[in-house]
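Chemist: Build me a model from this:
(one chain, ligands or ions: 1)
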Amino acid sequence: MSRDALVFYSDFDDAGAWKKMLTSELPDLDFRNDVAAGDLADVRYALVWKPPAGFFARFPNLAMVTNLGAGVDSLVGRDDLPDVPITRLSDTGMVSLMTSYVMFSVIRYARDIHLFERAQRRREWHYVHPRALAAIKVGVLGLGELGAPAAKALAGLGFNVRGWSRSPKSIEGVRCSAGLETLDGFLADTEILVVMLPLTPETRSLLDNRRLSLLPHAAKLINASRGAVVDEAALIAALQSGQIAEATLDVFTVEPLPADHAFWGMENVLITPHLASITVPEAAAREVAESIRRVRAGLAPLHLIDARRGY
Ligand code: NDP
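Modeler: As a prediction, this is how the structure comes out:
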């Protein structure tokens, strides 16, 4: 009888920790960190982050591939993906971290904290009369596993929140719209824009010069998903002209952000090094184990992505 094996590949994640967590959930799982070990025909699950080209072809009986992260743009762009269910990580810890990052970034602008940070450096008592949160229009692009909870949390705090996605959504307290034809109007009615879209052929450079100019003058932008969703040259120009007053950027077209990049020198840009959210392995491992149980039972795994759609 063939064994039920999982192959792990990542230059980034801790294999030992994943092995411990997964085998405590599934004691009979043959967890293989050495991709060449054992009978390759036993391998039914691949838990991977950026494996080398041709990686999957050596395992003839794969039944599920799981991306060791939420963003699957590096995985779906490959031409060697097997025709099996592809899943991503998602866990409540990851959702909480992203929600906290988005809340912090929006609140920092809504409560003028960025202005007080600068005033303090000038030793200046700089009073700015606070605005009611309900008067501040926040727009969230992308209402998926991370975007939707962030939008809901912002609405719960009292912001005037609207959200945009590909297919229609219904989220308590959030005015939702869908489809490219509604995007221009959405942008025109958003003061603080939060980007939570995956990077796909459709979303690459979605926020270009024309669309950034549709935002009200002196809008704020927060990008916590993928840098290339925003045309960086257009953003730099908008930040220099004042069309975009402030930006909080966790993600960039090139990472790490090169030392000579213009963003580093811009006082109206807050840079964080791609850590808005991370997987909380203990919680994510429970989800992966549950997906393996489902595949064993002939059911669809959790957190499926659609490789053709790109997310
Ligand atoms: P999901 O895949 O769950 O959701 C994506 C959302 O974007 C969906 O609402 C989807 O619409 C919408 N969308 C996708 N394409 C389009 C389009 N062409 N037009 C309109 N809407 C579109 O992603 P998550 O919420 O889990 O995560 C978003 C991204 O955040 C990830 O792809 C990843 O790149 C990034 N990320 C960044 C991290 C960081 O630390 N900075 C950490 C984790 C993730 P619909 O619902 O209709 O399908």
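
Chemist: which helices and strands does the longest helix anywhere in the chain pack with?
Modeler: Counting residues, the longest helix found in the chain (DSSP state H) is helix 92-110. For helix 92-110, the elements it packs on are strand 137-141, helix 147-157, strand 192-195, strand 219-223, strand 244-249, helix 281-296, judged by 3 or more Cβ pairs under 8 Å, 6 or more residues apart in numbering; DSSP states H and E. C-betas here are computed from N, CA, C, even on glycine.

Chemist: need the next SSE after it, C-terminal direction.
Modeler: Using DSSP states H and E, the next helix or strand after helix 92-110 towards the C-terminus is helix 113-121.

Chemist: what comes into contact with that following helix?
Modeler: With Cβ atoms under 8 Å, 6 or more residues apart in numbering as the contact definition, helix 113-121 has outside contacts at Ile107, Arg108, Trp125, His126, Val128, Glu246, Glu267, Asn268, Leu270.

Chemist: Ok, stretch 247-266 next?
Modeler: For stretch 247-266, the surrounding residues in contact (Cβ under 8 Å, 6+ apart) are 101, 105, 108-109, 220-228, 232, 235-236, 239, 268-276.

Chemist: Give me the pLDDT for Phe159.
Modeler: Looking at Phe159, its pLDDT stands at 98.

Chemist: For it, what are phi and psi?
Modeler: When read as degrees, to the nearest 10, the backbone of Phe159 gives phi -70, psi 160.

Chemist: Name all residues that make contact with it.
Modeler: Listed by Cβ under 8 Å, 6+ apart, the contact partners of Phe159 are Val106, Ala110, Leu133, Ala134, Ile136, Lys137, Val138.

Chemist: go with 6 Å
Modeler: Leu133, Ile136, Val138 (Cβ atoms under 6 Å, 6 or more residues apart in numbering).

Chemist: Is there a neighbour count for the residue in the chain positioned nearest to the ligand? I'd like the number.
Modeler: Going by Cβ to the nearest ligand atom, the ligand is nearest to Gly144 of the chain, at 1.7 Å. Using other Cβ atoms under 10 Å, Gly144 has 17 neighbouring residues.
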